[in-house]
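# quick one, what's the 3D model for this:
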Amino acid sequence: MNLDDSANTEEHQTARNIVLRQLAAAPKTRHQLAEKLREREVSDNVIEHVLDRFEEVELIDDAGFAEAWVRSRHRSKGLARRALSMELRQRGIKDQHAEPALEQLSDDDEWAKAHELVTRRLSRIKVPLSTDTEARKQRDRIVRRLVGMLSRKGYAPGLAFSVVTDAMNVDDLDPLNE
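Have a look, this model is predicted:
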């Protein structure tokens, strides 16, 4: 074994150790692991070889990562498909893996989660019931804030406004719609 083979073997072992530590902490995408290895100045050919091997033994699975990510982030953070798509793209998930993962969420799932987020927020807000001008301004401000919250979570403006107005009309919260 010559000096180059020894250095190459050592670099492979270092790369494998880095990947194993990263995966032990939390699931990662191939892209995230490649970036971590580049930060540690591992050569590109070693990165490709090591990551290919980890994919062969299914320790790296971008499709599985995408599916789990979508389920988890939608359930815990209430993110819509648009926001989830951006997060997957930031993590280096290719469209071929992202699209099936995002298809797990139906329009009904998004509407239900948006409604849950709004009703939870409304339960902590005192919504004025009177019809005077000041009460209308306050209600409009509440609507804008709730629609903005949903928008930041990736919900389309039309859906967000529909969910907010629907939630505010529940239990006769809006005396104008009686």
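
# could you chop the protein up by domain?
Domain segmentation of the chain under automatic domain parsing yields 3-60, 63-102, 107-177.

# quick one, which of those domains is packed in tightest?
Neighbour counts (mean count of other C-beta atoms under 10 Å) averaged over each of these peak at domain 63-102, with a mean of 17. For glycine as for every other residue, the C-beta is placed from the backbone atoms N, C-alpha and C.

# now that one: average pLDDT?
What domain 63-102 shows for mean pLDDT is 96.

# now that domain: how far from the chain's centre is it?
Centre-to-centre, domain 63-102 and its host chain are 5 Å apart (C-alpha atoms, centre = their mean, to the nearest Å).

# check stretch 108-117 too.
Centroid separation for stretch 108-117 versus its chain: 15 Å, with C-alpha atoms, centre = their mean.

# any weak-confidence spans in this protein?
1-7, 130, 171-178 (pLDDT under 70).

# which secondary structure elements does the longest helix belonging to the chain sit against?
The residue-count maximum for a helix in the chain (DSSP state H) belongs to helix 3-25. Secondary-structure packing of helix 3-25 (3 or more C-beta pairs under 8 Å, 6 or more residues apart in numbering; DSSP states H and E): helix 30-39, helix 44-56.

# can I get the ones you listed in a markdown table with distance to residue 110?
Shown next, in a markdown table, are these (distance: least, C-beta to C-beta, whole Å):
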| stretch | distance to residue 110 |
| --- | --- |
| helix 30-39 | 26 |
| helix 44-56 | 32 |
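
# for those helices, which one sits closest to residue 75?
helix 30-39 (21.7 Å; C-beta to C-beta).

# just to revisit the earlier point, got the angle for the longest helix of the chain vs helix 44-56?
Per axes from the mean of the first three to the mean of the last three C-alpha atoms, to 10 degrees, the angle that helix 3-25 makes with helix 44-56 is 50 degrees.

# just the terminal-to-terminal distance for stretch 36-44.
From its first residue to its last, stretch 36-44 covers 12 Å (C-alpha to C-alpha, to the nearest Å).

# for residue 164, give its distance to residue 117.
Using C-beta to C-beta, to the nearest Å, residue 164 is found at 10 Å from residue 117.

# now do the shared contacts for these two.
Applying C-beta atoms under 8 Å, 6 or more residues apart in numbering, one finds that residue 164 and residue 117 are jointly contacted by residue 150.

# tell me the centre residue of this protein?
Nearest to the mean C-alpha position of the chain, by C-alpha atoms, centre = their mean, lies residue 84 at 3.8 Å.
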